[in-house]
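**Student:** The sequence and its predicted three-dimensional model are supplied below.
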Amino acid sequence: NEMLQEFAWLGEELAYELVVTNPPQKAQAQEMPMLLTVGPMLTMGLMSVISASNVIIRIVKGETTFAESWTMLLTPAIMLTSSLLWPSLTRLWQKKSRKKNEKIRQKKYRAYIEEKRKLIEAETINQTAILKENLIDIRTCYNIITNRERILWERKISQKDFLTVRVGIGDRPIDMNVRYSEEEFSIEKDELKEEVSAMIEKAKMLRDVPISYSFADKQVTAIMGNEAKGRIFLDNIILQLITFHSYDELKIVILTDDEHKSQWEKYKTLPHLFSNDKQVRFFATNPDEYKVVSSYLEQEFVKRIEENNKSTDAIETESDKITFSPFYLILTDNYVKIRKLGICDKTFAVDADIGFSFIILEKLLSRLPSKCIDFITVDKTCGILRNDSDNYIQISFKNLTNIPRKCNNKLILYGIKKYNIYII
């Protein structure tokens, strides 16, 4: 369950519960030593031996004959033999009975384990399929847009998966709560307990499945590591966002500089980069443009703070939280140049969800805001990290995918023809 909690902040929720009962107690073989078992009867048998000895002495002395006394000799012999034989037969039967019962216990519980294993396998297949269906790859996003499929812009700001994207492929805990008693202290090992523990341990992880990340409840996320790979990663993220989120509920704000302007120009005419009245483009490359965009965002921010939950922009989500529409996702590759803007100060001054979030492409920790506790590393190894006073969570992933060639041009062309909403 602790592993599942690590994914709760990524927008994941517990989905399946499995109850596994402990195996029946193994019969304890506490056999008494042979001497203690036959001792009482052997003592009685010795009395018979003494009686038989007296009979033999009388026969030797001629006081009686064997014919007259053979029954007196047979009785002690039978008693002595039975005192040794019956305890041995009883011990042998008990040992055989324990082996038989243990075979039955193992057979029935292994059949029970196999049923649970099949349930786990079925749930593993089901959850893997759901993850692959909900967190699709980049080429599928490209096809959705170019083929104008019906799921284009289907995610709403009130839904739990709003701003949830696929960051790569990796291993993640299965969304399953296994109710199973922890192993108690036992002097003797039980192989059935070891088998069921191994089954549960193996079932904890889903292997090579899409790894998700939600920007909806993160105030700021830093993308660090190799800059070239970081830009490819951001292209992946943006393509997913504009595939599933409509421009009236998600606004993408790009704050860059003249040096890196060419890296972002492909997104300049996307509808997500304009205010609803089409009067403000959320794309800035110099101080003057920064101020214009920041001023607009500050007005929106202040309005939401003052009106609080009574704002017409306030929306209750499926998670019973209040957020605001449209959601402003601010992307920058040069935070040092924009950090003194009013929208930065205002966003990082509050902890409430006001519908503003930053994504910062940066290589140095020293250049990030102090409020940044969420990191995505893109380099030779890739991973997600949360580092705050309450949690230290690290999740690895792999397999970044390049956006298909000419994808962005087709996106823009599609938008112009279909909606005529771009300001060129």
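**Tutor:** In hand now; what should we look at?

**Student:** Could you pull out the helices in the stretch 151-300 of the chain for me?
**Tutor:** 191-202, 227-244, 261-264, 287-307 (DSSP state H, counting those that start in this stretch).

**Student:** Render the CA-only coordinates of the third one in CSV, please.
**Tutor:** Listed next in CSV are the C-alpha coordinates belonging to helix 261-264 (Å, rounded to 0.1, in the frame of the first residue of the first chain):
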residue,chain,number,x,y,z
LYS,A,261,12.3,31.6,-29.9
SER,A,262,12.7,29.3,-32.9
GLN,A,263,12.2,26.3,-30.7
TRP,A,264,8.6,27.4,-29.9
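
**Student:** Rounded mean pLDDT for it, please.
**Tutor:** Helix 261-264 shows an average pLDDT of 93 in the prediction.

**Student:** Spell out the residue ranges of the strands in the chain.
**Tutor:** 16-19, 164-173, 176-179, 205-214, 220-225, 250-255, 283-284, 314-316, 322-324, 327-332, 356-361, 374-378, 382-387, 392-397 (DSSP state E).

**Student:** Least confident of those strands, on average?
**Tutor:** The bottom spot among the strands of the chain, by mean pLDDT, belongs to strand 314-316, with a mean of 65.

**Student:** which stretch among the strands of the chain comes nearest Arg150?
**Tutor:** For Arg150, the closest of the strands of the chain is strand 250-255, at 18.7 Å, according to CB to CB. All C-beta atoms are positioned from the backbone trio N, CA, C, and that covers glycine.

**Student:** Could I get the CA-only coordinates of that closest one as CSV?
**Tutor:** C-alpha atoms of strand 250-255 as CSV (Å, rounded to 0.1, in the frame of the first residue of the first chain):
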residue,chain,number,x,y,z
LEU,A,250,-6.6,25.0,-21.3
LYS,A,251,-4.4,28.0,-22.1
ILE,A,252,-0.8,27.3,-22.8
VAL,A,253,1.5,30.3,-22.0
ILE,A,254,5.0,30.2,-23.5
LEU,A,255,7.6,32.6,-22.0
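
**Student:** partners of the most centrally placed residue in the chain in the sheet?
**Tutor:** In the chain, the residue lying closest to the centroid (CA atoms, centre = their mean) is Pro173, at 2.5 Å. Under the criterion DSSP bridges, Pro173 forms beta bridges with Met205.

**Student:** returning to that earlier point: quick one: the strands of the chain as CSV, columns for distance to Leu135 too.
**Tutor:** Formatted as CSV, those follow (distance: least, CB to CB, whole Å):
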stretch, distance to Leu135
strand 16-19, 18
strand 164-173, 4
strand 176-179, 18
strand 205-214, 4
strand 220-225, 17
strand 250-255, 18
strand 283-284, 28
strand 314-316, 23
strand 322-324, 21
strand 327-332, 18
strand 356-361, 18
strand 374-378, 15
strand 382-387, 14
strand 392-397, 11
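
**Student:** Out of these, which gets nearest to Glu114?
**Tutor:** Glu114 sits nearest to strand 16-19 of all the strands of the chain, at 14.0 Å, using CB to CB.

**Student:** gap between the closest one and the chain center?
**Tutor:** Taking CA atoms, centre = their mean, to the nearest Å, one finds the center of strand 16-19 at 14 Å from the center of the full chain.

**Student:** same question, stretch 374-393
**Tutor:** Between the centre of stretch 374-393 and the centre of its chain there are 16 Å (CA atoms, centre = their mean).

**Student:** How about stretch 359-375?
**Tutor:** Worked out by CA atoms, centre = their mean, stretch 359-375 lies 26 Å from the chain centre.

**Student:** With stretch 273-281 instead?
**Tutor:** Put simply, stretch 273-281 sits 40 Å off its chain's centre (CA atoms, centre = their mean).

**Student:** measure that stretch end to end?
**Tutor:** 6 Å (CA to CA, to the nearest Å).

**Student:** Next: stretch 147-159.
**Tutor:** This stretch, stretch 147-159, spans 25 Å end to end (CA to CA).

**Student:** For Thr21, give me its contacts.
**Tutor:** With contacts defined as CB atoms under 8 Å, 6 or more residues apart in numbering, the neighbours of Thr21 are 112, 180.

**Student:** Low-confidence stretches in the stretch 51-200 of the chain?
**Tutor:** Within the stretch 51-200 of the chain, the stretches with pLDDT under 70 are 52, 55, 66, 68-69, 73, 80, 83-84, 181-188.

**Student:** ok so, going back, so for Gln127, which of the strands of the chain sits nearest?
**Tutor:** strand 205-214 (6.2 Å).

**Student:** how about stretch 197-205: buried residues?
**Tutor:** Going by neighbour count (16 or more other CB atoms under 10 Å), the buried part of stretch 197-205 is 199-200, 203.

**Student:** Dump those into CSV; add distance to Glu227 as well.
**Tutor:** Listed next are the buried residues of stretch 197-205 as CSV, based on distance: CB to CB, whole Å:
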residue, distance to Glu227
Met199, 45
Ile200, 43
Ala203, 39
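
**Student:** want to throw the helices of the stretch 151-300 of the chain into JSON lines with distance to Ala129?
**Tutor:** Compiled in JSON lines, the helices of the stretch 151-300 of the chain are given as follows (distance: least, CB to CB, whole Å):
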{"stretch": "helix 191-202", "distance to Ala129": "19"}
{"stretch": "helix 227-244", "distance to Ala129": "19"}
{"stretch": "helix 261-264", "distance to Ala129": "36"}
{"stretch": "helix 287-307", "distance to Ala129": "39"}
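
**Student:** Out of those helices, which is the most enclosed?
**Tutor:** With neighbours defined as mean count of other CB atoms under 10 Å, these peak in mean count at helix 227-244, which reaches a mean of 20.

**Student:** Contacts for it, please.
**Tutor:** Applying CB under 8 Å, 6+ apart, the external contacts of helix 227-244 come out as 138, 141-142, 144-145, 151-155, 163, 165-167, 223-224, 250, 252, 263, 267, 270, 272, 329, 331, 333, 359, 361, 363, 376, 378-379, 400-403, 407, 411.

**Student:** Dump that helix to PDB, restricted to CA.
**Tutor:** Taking only C-alpha atoms (Å, rounded to 0.1, in the frame of the first residue of the first chain), the coordinates of helix 227-244 have been written out as PDB:
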ATOM      1  CA  GLU A 227      18.300  20.100 -22.800                       C
ATOM      2  CA  ALA A 228      17.800  18.600 -26.200                       C
ATOM      3  CA  LYS A 229      16.000  15.600 -24.800                       C
ATOM      4  CA  GLY A 230      14.100  17.900 -22.500                       C
ATOM      5  CA  ARG A 231      12.700  19.900 -25.500                       C
ATOM      6  CA  ILE A 232      11.700  16.600 -27.200                       C
ATOM      7  CA  PHE A 233      10.000  15.600 -24.000                       C
ATOM      8  CA  LEU A 234       8.100  19.000 -23.800                       C
ATOM      9  CA  ASP A 235       7.100  18.500 -27.500                       C
ATOM     10  CA  ASN A 236       5.600  15.200 -26.400                       C
ATOM     11  CA  ILE A 237       3.800  16.700 -23.500                       C
ATOM     12  CA  ILE A 238       2.400  19.600 -25.600                       C
ATOM     13  CA  LEU A 239       1.100  17.300 -28.300                       C
ATOM     14  CA  GLN A 240      -0.800  15.200 -25.700                       C
ATOM     15  CA  LEU A 241      -2.200  18.300 -24.100                       C
ATOM     16  CA  ILE A 242      -3.600  19.800 -27.300                       C
ATOM     17  CA  THR A 243      -4.900  16.400 -28.400                       C
ATOM     18  CA  PHE A 244      -7.200  15.900 -25.400                       C
END
